[in-house]
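# structure for this input, please:
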Amino acid sequence: MNFLSIKKLLAQDTVENQSVAVRGWLRSKRDSKAGISFLSLHDGSCFASLQVVAPQSLNNYESEVLKLTSGCALEVCGDLVCSKGGEQNLEIQASQITVVGWVQNPDTYPIAKKRHSFEFLRTQAHLRPRTNTFTAITQIRNTLANAIHNYFYKNNFYWINTPIITSSDCEGAGELFRVSTLDFLSRSSSVDSKSDFEKDFFGEETFLTVSGQLEVEAYCLAMGKVYTFGPTFRAENSNTSRHLAEFWMVEPEVAFANLRDNIDLAENFLKSILSVVINECQEELNFFEKRINPTVINRIMDLINTDFQRIEYSEAVKILKSSKESFEFPVSWGKDLASEHERYLAERYVQGPLVISNYPREIKAFYMRLNDDEKTVAAMDILVPGIGEIIGGSQREERLEILDDRMDPHLVDKLWWYRDLRRYGSVPHAGFGLGFERLLNYVTGMENIRDAIPYPRYPGHAEF
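Reported below is the predicted structural model:
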């Protein structure tokens with residue numbers, strides 16, 4: 001039997017009472033007094049479900065069809081016909097329904113037809129993809145990931161698989177997950193000396209990576225244009241809607257590029273991948289516009305069609321100081337911008353995407369290129385309405401003596417190989433990082449980043 005996907009069936013222009021076979025999971029069922037049941041079948045191939053009309057003439061109508069509940073797995077054979085209902089164009093007039101998998105104890109099945117809170121669905125992460133919301137998120141996530149890879153491939157970037165286990169802390173934040181085979185639990189004291197870690201699997205202290213940037217820079221300075229796209233980890237004890245302990249990052253790096261080149265790349269990249277989502281995920285976006293946030297499509301279109309405004313950090317501070325807003329966190333030159341400051345600038349001041357560049361050196365990482373004023377570095381953040389910062393990047397410091405001066409002394413020996421890149425054919429280069437789940441929040445209008453990843457990891461939670 002040749003089973004077809006619902007996506008393929010619904011894409012047909014004409015229907016001539018063709019016999020088809022489909023399979024999937026029952027989303028809902030309605031039984032009429034006329035002896036007909038209407039089944040909503042979903043197979044994951046697209047956002048839409050397909051209506052199956054099951055007449056009482058089926059040989060298992062009384063024994064099985066009437067007993068079906070949400071979540072049951074079915075195989076359906078019948079005729080694909082034009083629907084007389086108003087919510088769908090096509091439906092299957094079933095001639096055979098086979099129950100592949102029953103839902104045992106339907107009263108305890110947690111994904112009922114009613115709407116559930118996202119907090120509850122996080123406790124059912126293994127079943128929440130059966131809801132419309134998480135079906136749509138998953139499909140948009142898949143489209144975005146492919147759009148990212150396709151963008152870089154078409155623009156002659158190489159995808160570099162940087163390590164997940166590393167001995168270096170790219171950001172210098174110290175909020176790292178340690179990776180070790182040592183038996184910490186059986187020891188009466190902490191393991192923190194160099195001699196202790198020489199007995200470890202890698203012969204030194206190692207961690208889950210916070211970024212693939214340092215490693216991908218090495219390939220940038222040999223291959224020209226590269227990127228990494230993979231999981232990163234932060235042991236930050238933060239229980240907010242904006243933070244995860246495990247998330248995915250997109251990090252391109254380009255040789256012979258300065259800060260302006262970097263900003264141009266980031267703007268073009270965002271517009272290109274969001275255009276793909278607009279073109280390929282209209283049904284999912286319509287769902288989010290209707291159920292989650294009425295502005296999602298308009299703000300995506302505005303970003304695609306708007307030139308990003310660009311200002312420097314010093315100007316941003318002046319704008320914030322002169323505003324009449326009562327910010328929770330005070331604004332002053334030399335301090336990083338808080339989320340409330342970023343959102344004011346993007347949503348109230350420019351009412352669109354905004355690039356802020358040339359931040360004070362003290363609040364940025366050692367690898368960011370020192371400007372001629374020696375007070376600022378060639379860093380940039382891209383802010384968008386509804387989210388705030390969505391991209392952060394910089395031109396990298398290609399001068400060894402300045403890099404050494406800004407680097408913590410304990411890193412000089414540790415990052416000997418990174419310093420080598422400045423000794424052997426160094427060139428100006430630049431790159432940025434995009435948090436994939438934060439981008440998904442922007443596209444879908446979902447407010448909590450824990451709902452933008454299949455299995456969220458955050459303090460006190462590593463279930464599933």
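
# which stretches of the stretch 251-400 of the chain form strands?
With DSSP state E, counting those that start in this stretch, the ranges of strands along the stretch 251-400 of the chain come out as 309-312, 354-360, 376-384, 388-395.

# strand 354-360 and the third one, what's the angle between them?
When you say that, I think you mean strand 376-384. Orientation of strand 376-384 against strand 354-360 (axes from the mean of the first three to the mean of the last three C-alpha atoms, to 10 degrees) gives an angle of 160 degrees.

# just the angle for strand 376-384 relative to strand 388-395, thanks.
Using the same axes, to 10 degrees: strand 376-384 against strand 388-395 is 150 degrees.

# show me what strand 376-384 is packed up against.
helix 259-280, helix 339-343, strand 354-360, strand 388-395 (3 or more C-beta pairs under 8 Å, 6 or more residues apart in numbering; DSSP states H and E). (Glycine included, C-beta is placed from N, CA and C.)

# residues touching the closest residue to residue 426 other than its chain neighbours, list them.
Leaving aside its sequence neighbours, residue 426 sits nearest to residue 398 (C-beta to C-beta, 6 or more residues apart in numbering; 4.6 Å). Residue 398 sits next to 369, 422, 426-429 when contact means C-beta atoms under 8 Å, 6 or more residues apart in numbering.

# need the pLDDT of residue 398.
With respect to pLDDT, residue 398 scores 98.

# how near is it to residue 221?
Shown here: residue 398 relative to residue 221, a distance of 9 Å by C-beta to C-beta, to the nearest Å.

# and for those two, which residues touch both?
Contact criterion C-beta under 8 Å, 6+ apart; residues shared by residue 398 and residue 221: 426-427, 429.

# top of those by neighbour count?
Greatest neighbour count in these, by other C-beta atoms under 10 Å, goes to residue 429: 24 neighbours.

# got the phi and psi for that one?
Main-chain dihedrals, residue 429, degrees, to the nearest 10: phi -150, psi 160.

# is it true that it touches residue 256?
Yes: at 7.0 Å, residue 429 and residue 256 qualify as touching, with contact defined as C-beta atoms under 8 Å.

# poorly predicted segments of the stretch 101-250 of the chain, please.
Along the stretch 101-250 of the chain, the parts satisfying pLDDT under 70 run over 169-174, 185-195.

# show me the strands in it, by range?
So, for the stretch 101-250 of the chain - with DSSP E, counting those that start in this stretch - the strands run 158-159, 165-166, 178-179, 206-208, 225-233, 246-255.

# and those strands: which comes nearest residue 104?
Residue 104 lies closest to strand 246-255 among the strands of the stretch 101-250 of the chain, at 32.3 Å (C-beta to C-beta).

# okay, the angle between the closest one and strand 388-395?
Going by the same axes, to 10 degrees, strand 246-255 makes 40 degrees with strand 388-395.

# could you give the angle of strand 246-255 to strand 225-233?
Using the same axes, to 10 degrees: strand 246-255 against strand 225-233 is 160 degrees.

# what packs against strand 246-255?
helix 213-223, strand 225-233, helix 259-280, strand 429-435, helix 436-444.

# distance to residue 382 for these - can I get that in TSV?
Converted to TSV, these look like this (distance: least, C-beta to C-beta, whole Å):
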stretch	distance to residue 382
helix 213-223	17
strand 225-233	17
helix 259-280	6
strand 429-435	8
helix 436-444	11
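
# out of these, which is closest to residue 67?
Proximity to residue 67 (C-beta to C-beta) singles out helix 436-444 among the helices and strands packed on strand 246-255, at 35.8 Å.

# which outside residues touch the closest one?
So helix 436-444 is in contact with 136-137, 140-141, 144-145, 229, 242, 244, 247-250, 274, 277, 285, 288, 292-293, 296, 299-300, 384, 386-387, 390, 446-449, 452-453, going by C-beta under 8 Å, 6+ apart.

# quick check: mean pLDDT across that helix?
Average pLDDT, helix 436-444: 97.

# buried residues of it, list them for me.
Neighbour-count burial for helix 436-444 flags 436-444 (criterion: 16 or more other C-beta atoms under 10 Å).

# same check, this time on stretch 114-129
118, 121-122, 125, 128-129.

# from those, which single one is nearest residue 45?
For these, the nearest to residue 45 is residue 129 (13.4 Å; C-beta to C-beta).

# isn't the closest one right up against residue 135?
Yes: counting by C-beta under 8 Å, residue 129 touches residue 135, with 6.3 Å between them.

# with adjacent residues omitted, what lies nearest to residue 283?
Per C-beta to C-beta, 6+ apart, closest to residue 283 is residue 47, 4.7 Å.

# gap between that neighbour and residue 244?
25 Å.

# you'd agree residue 266 is up against residue 393?
Yes: if you go by C-beta under 8 Å, residue 266 and residue 393 touch, sitting 6.5 Å apart.

# would you list the phi and psi of the residue nearest to residue 426?
Note on residue 398: backbone dihedrals following degrees, to the nearest 10 are phi -100, psi -10.

# what's the helix or strand hosting residue 418 in contact with?
For residue 418, the host element (DSSP states H and E) is helix 416-423. If you take C-beta under 8 Å, 6+ apart as the criterion, helix 416-423 is touched by 168, 214, 217-218, 221, 397-400, 403-404, 412.

# check stretch 31-48 too.
So stretch 31-48 is contacted by 5-8, 10, 22-30, 49-56, 61, 65-66, 68, 74, 76, 88, 94, 97, 130, 132, 135-136, 139, 283-284, 287 (C-beta under 8 Å, 6+ apart).

# and residue 267, what does it touch?
Contacts for residue 267 were tallied using C-beta under 8 Å, 6+ apart; they are 308, 353, 355, 382.

# neighbours around the third one, how many?
Going back to what we said before, that points to residue 355. Residue 355, neighbours per other C-beta under 10 Å, totals 21.

# wouldn't residue 55 be in contact with residue 92 here?
No: with contacts counted by C-beta under 8 Å, residue 55 stays clear of residue 92, the gap being 11.6 Å.

# check which residues of the longest strand seen in the chain are buried.
Ranked by number of residues, the top strand in the chain under DSSP state E is strand 18-31. In terms of neighbour count (16+ other C-beta under 10 Å), strand 18-31 has its buried residues at 20, 22-27, 29.

# mind listing the strands it pairs with, and their directions?
Strands that pair with strand 18-31, judged by DSSP bridges, come out as strand 36-42 (antiparallel), strand 73-82 (antiparallel).

# who wins for proximity to residue 209 among these?
Closest of those to residue 209 is strand 36-42, at 36.7 Å (criterion: C-beta to C-beta).

# then the helix or strand following that closest one to CSV, C-alphas only?
Note on strand 36-42: by DSSP H and E, the next helix or strand toward the C-terminus is strand 50-55. Output of strand 50-55 as CSV, limited to C-alpha atoms (Å, rounded to 0.1, in the frame of the first residue of the first chain):
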residue,chain,number,x,y,z
LEU,A,50,-6.8,16.3,7.0
GLN,A,51,-10.5,15.6,7.6
VAL,A,52,-11.5,11.9,7.4
VAL,A,53,-15.2,11.1,7.0
ALA,A,54,-16.0,7.7,8.6
PRO,A,55,-19.5,6.3,7.8
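
# quick revisit: got the CA positions of the longest strand of the chain in CSV?
Extracted as CSV, the C-alpha positions of strand 18-31 are listed here (Å, rounded to 0.1, in the frame of the first residue of the first chain):
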residue,chain,number,x,y,z
GLN,A,18,-8.8,9.2,-6.4
SER,A,19,-8.2,6.3,-4.0
VAL,A,20,-5.5,7.2,-1.4
ALA,A,21,-4.0,5.9,1.8
VAL,A,22,-2.7,8.1,4.6
ARG,A,23,-1.5,7.5,8.2
GLY,A,24,-1.0,9.7,11.2
TRP,A,25,-2.4,10.6,14.6
LEU,A,26,-5.9,11.6,15.5
ARG,A,27,-6.1,15.2,16.7
SER,A,28,-9.9,15.3,17.3
LYS,A,29,-13.1,13.4,16.5
ARG,A,30,-16.7,14.4,16.2
ASP,A,31,-19.6,11.9,16.0
